[in-house]
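Participant: Below: sequence and its predicted model.
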Amino acid sequence: MSIRSRFHNFFDGGLIQSTLSDMSYKASIERLGRLLIKRVVWRNHTDEKRIALTFDDGPHPLYTTQILAILREYSVQATFFLIGKHLSNHPNLAQSIVDSGHEIANHTYSHQLLVRLSNDEIKREIQSTHELLSGLNGQNPRFLRPPMGLFSKRVLDVIEESGYRTVVGDVYPRDPHRPGKDKIVKRILSRTQAGSIIILHDGGNTEVVDRSQTVDALKEIIPTLKQRGFEFVTLSEMFKISLESNNTKNNKLG
């Protein structure tokens, strides 16, 4: 079994490196999650079998369209963390996400590592994408996922000052690494629990990506989890946050 290095970044502002195998990833998330829970959403601690399916790095003209069709087939709502530069190129596709009843969220404008940017640069990454997201039928995005899942105390401060809540997730099958459809399915089905936030990808930093394994895995993941009694909800539904108004004290960008 291959060993991969992952970095987890929390309150002391330093990078914490963990050496994780496929089997130890969930356990590590459980440990780190306790440290992050006050400022970072990583899962919902609940007995209700409600889970959030999330997608990063879109919109992508091929894979986002395919994923929307699958979600529609199974009557599932999801949350899409959109990259601003892709949103600029495909505004109609982003609008299709909204029109289909899904939630949109902020994944910064150019998908740079925020820990390497100045505070002003981070604010621009967030604000530029926020303006694009807010232009989609008056949407009021409330959640942000830092690129690569990396952040520091300083980054969290800027994100919160910008009116966003930082979201990671507790179920990540590493689908961008293309481990194979069966492995993606196995990782998700074995780790999902009540309140889980599943991280998948419908795009990439560039549009030259292959997310076909993710698309194929969804066709098995969704019906299986439904058979197990799980209900798919958006992040706002999971945490009972209203997105109806752009003028809330918790959204300083609105």
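Facilitator: Everything's here; your move.

Participant: so where do the helices sit in the stretch 1-150 of the chain?
Facilitator: 25-36, 63-73, 84-89, 91-99, 119-134 (DSSP state H, counting those that start in this stretch).

Participant: how about these in TSV, adding mean pLDDT?
Facilitator: Shown next, in TSV, are the helices of the stretch 1-150 of the chain (pLDDT from 0 to 100):
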stretch	mean pLDDT
helix 25-36	55
helix 63-73	99
helix 84-89	97
helix 91-99	96
helix 119-134	98
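
Participant: Relative to residue 239, tell me which of those helices wins on proximity.
Facilitator: helix 25-36 (15.3 Å; C-beta to C-beta). Using the backbone N, CA and C atoms, a C-beta is placed for each residue, glycine as well.

Participant: about what we covered before: mean neighbour count and distance to residue 167 added to the helices of the stretch 1-150 of the chain, as JSON lines?
Facilitator: Shown next, in JSON lines, are those (neighbours: other C-beta atoms under 10 Å; distance: least, C-beta to C-beta, whole Å):
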{"stretch": "helix 25-36", "mean neighbour count": "16", "distance to residue 167": "11"}
{"stretch": "helix 63-73", "mean neighbour count": "18", "distance to residue 167": "19"}
{"stretch": "helix 84-89", "mean neighbour count": "20", "distance to residue 167": "17"}
{"stretch": "helix 91-99", "mean neighbour count": "17", "distance to residue 167": "17"}
{"stretch": "helix 119-134", "mean neighbour count": "19", "distance to residue 167": "13"}
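
Participant: could those go into JSON lines alongside distance to residue 151?
Facilitator: What follows is these, written out as JSON lines (distance: least, C-beta to C-beta, whole Å):
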{"stretch": "helix 25-36", "distance to residue 151": "9"}
{"stretch": "helix 63-73", "distance to residue 151": "25"}
{"stretch": "helix 84-89", "distance to residue 151": "18"}
{"stretch": "helix 91-99", "distance to residue 151": "24"}
{"stretch": "helix 119-134", "distance to residue 151": "10"}
